[in-house]
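*Asks:* A structural model of the following input is requested.
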Amino acid sequence: MGYALDPESIRAYRNTVMVFAHDLWREKDPQTRATLAMYLADAATTLARLEVEEARKLQEEKLAQNA
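*Replies:* Numbering: from 1, shown residues only. Got it, this is the predicted structure:
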């Protein structure tokens, strides 16, 4: 069974960002919110880098097909 996500995959980071954002929205304690916000920022930064990398790959594939 191949149900587990690679923890470094773009899909895993999308899920992580979604979970941290949801938890941050619901959290009442300011200290916990601050911690969640830092985790969210770190995960979102990594996700942004992965998304850029994915977009570049798709662009290169598209250019290679048109060449």
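
*Asks:* any chance you could map the helices in the protein?
*Replies:* Secondary structure of the chain (DSSP state H): helices at 10-26, 30-66.

*Asks:* how about low-confidence regions in this structure?
*Replies:* 1-3 (pLDDT under 70).

*Asks:* returning to what we had before: can you list the helices of the chain in TSV and add mean neighbour count?
*Replies:* In short, each C-beta sits where N, CA and C put it, glycine included. Converted to TSV, these look like this (neighbours: other Cβ atoms under 10 Å):
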stretch	mean neighbour count
helix 10-26	15
helix 30-66	12
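
*Asks:* Go through those helices and name the closest to Ala4.
*Replies:* helix 10-26 (9.5 Å; Cβ to Cβ).

*Asks:* what does the closest one contact?
*Replies:* Residues from elsewhere that reach helix 10-26, judged by Cβ atoms under 8 Å, 6 or more residues apart in numbering: 5-6, 33, 36-37, 39-40, 43-44, 46-47, 50-51, 54.

*Asks:* measure Leu24 to Tyr39 for me?
*Replies:* 9 Å (Cβ to Cβ, to the nearest Å).

*Asks:* can you check Val17 too?
*Replies:* 10 Å.

*Asks:* same deal with Ala64?
*Replies:* Counting by Cβ to Cβ, the gap from Ala64 to Tyr39 is 38 Å.

*Asks:* so who does Leu40 touch?
*Replies:* So Leu40 contacts 17, 20-21, 24 (Cβ under 8 Å, 6+ apart).

*Asks:* rerun that using 6 Å as the cut-off
*Replies:* Leu40 makes contact with 20, 24 under the criterion Cβ atoms under 6 Å, 6 or more residues apart in numbering.
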